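> only geometry, no sequence info:
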């Protein structure tokens, strides 16, 4: 069977990867994209499609799903080959080619590779009291708000996801209770202030110690700072406790990492020849993990990869408005 070949292979189909695919096409490169998820959009599609994103240039606010839709349409101009629901397992060099092996046995040869895998493979941190309740009222993400209409919802956590979901669910749920083990929050101050001013009940220095119900959750038990337990009705519990991220097989490829991220230079080069990285997975002095930053890193990586692929090319391609 013929081995697929491309100029640039992108590992990761989140926002940074999709923009990199478009930009590769802009540079006249053939491009392929691999992602372990079955759909394009990475974490946004999997976890935050309804979330309002506020830090993308040109959009005062845009829903996650709409941002992904625009990025997919933009990437389509490059006519990328997509390999979805497949994980990149191996990476080797054969002369001036990089060969990436997928977990289904497919081998792809590329002139250069770009890693845009976000936080790598991720899984939600478990709720200690939630053992056995997943899918029976306990969820870890809120990909759609509709199922929560008219329900009593308990959200566990104190980060951006917990407060974003509390803010969005408050107008449609019968009640929203947010439980956090500390009295300080990691979420954006503006969102915390908005939730405080809403009807959301915030219970701090507290933990959910039990979920109760017959076939699905009906109520939760909450212990506040060692006091007697209190009970709140809940037909839905959202455990927004963050994720356990794993770079997975990437750590066996010989790439320099700080255990959580891939170390790159100012051209987005890794220590491996012809292998670049961009987006949240990268680390360098002054790194800021924002979607907007990932877009710029993707363009930097593609332009520098273009010269590696074709030494007669220039790093700066000119402005798109001039074409």
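Thanks, I have the structure now. Keep in mind that what you see is a predicted model, and the values were worked out from it rather than measured.
> quick one, what contacts residue 50?
Residue 50 is in contact with 63-65, 142-145, 168, counting by Cβ atoms under 8 Å, 6 or more residues apart in numbering. From N, CA and C alone the C-beta is placed, and that goes for glycine too.
> mind redoing it with 7 Å?
Residue 50 makes contacts with 63-65, 144-145, 168, as judged by Cβ atoms under 7 Å, 6 or more residues apart in numbering.
> Can you tell me which of these end up in helices?
64-65, 168 (DSSP state H).
> Closest one of those to residue 117?
residue 64 (18.1 Å; Cβ to Cβ).
> how many neighbours does residue 197 have?
8 (other Cβ atoms under 10 Å).
> whoops, residue 319 was the one
Residue 319, neighbours per other Cβ under 10 Å, totals 7.
> And it, its phi and psi?
phi -80, psi 140 (degrees, to the nearest 10).
> biggest strand in the chain by residues?
Determined from DSSP state E, the single longest strand within the chain is strand 107-115.
> other SSEs contacting it?
Packing partners of strand 107-115 (3 or more Cβ pairs under 7 Å, 6 or more residues apart in numbering; DSSP states H and E): strand 5-11, strand 97-102, strand 275-277, helix 291-309.
> Show residues contacting the shortest one.
Right, the one you point to is strand 275-277. 98, 112-115, 255, 262, 264, 268-270, 301, 304-305.
> Of the contacts of residue 50, which is the most crowded?
residue 64 (22 neighbours).
> which residues sit against the helix or strand that contains residue 19?
For residue 19, the host element (DSSP states H and E) is helix 15-26. With contacts defined as Cβ under 7 Å, 6+ apart, helix 15-26 is touched by 8, 10, 31, 33, 40, 42, 44, 67, 71-72, 74-75, 77-80, 114, 116, 278-279, 291, 294-295, 297-299, 301-302, 320.
> mind checking how far it is from the chain centre?
Chain-centre distance of helix 15-26: 16 Å, with Cα atoms, centre = their mean, to the nearest Å.
> which is the next helix or strand following it?
strand 31-35.
> Show the subsequent helix or strand relative to that next one.
Past strand 31-35, the next helix or strand by DSSP H and E is helix 42-47.
> Give the other helices and strands that that following helix contacts.
For helix 42-47, the packing partners by 3+ Cβ pairs under 7 Å, 6+ apart are helix 64-76.
> Report the angle between the helix it packs on and strand 5-11.
Calculated by axes from the mean of the first three to the mean of the last three Cα atoms, to 10 degrees, helix 64-76 forms an angle of 160 degrees with strand 5-11.
> host element of the residue of the chain positioned farthest from its centre?
Relative to the centre of the chain, the most outlying C-alpha is that of residue 228, 38.5 Å out, by Cα atoms, centre = their mean. Under the criterion DSSP H and E, no helix or strand holds residue 228.
> where does it land on pLDDT?
What the model reports as pLDDT for residue 228 is 93.
> just to revisit the earlier point, for the longest strand of the chain, which strands pair with it and how are they oriented?
strand 5-11 (parallel), strand 97-102 (antiparallel), strand 275-277 (parallel) (DSSP bridges).
> and those strands, which is most packed in?
strand 275-277 (a mean of 28; mean count of other Cβ atoms under 10 Å).
> What's the first helix or strand after that one?
By DSSP H and E, the next helix or strand past strand 275-277 is strand 282-283.
> so how far is that next one off the chain centroid?
So, by Cα atoms, centre = their mean, the centroid of strand 282-283 is 15 Å from its chain's centroid.
> partners of that strand, with directions?
Using DSSP bridges, the strands paired with strand 282-283 are strand 262-263 (parallel).
> hmm, who's touching the partner strand?
With Cβ under 7 Å, 6+ apart, strand 262-263 has contacts from 115, 255-257, 270, 277, 281-284.
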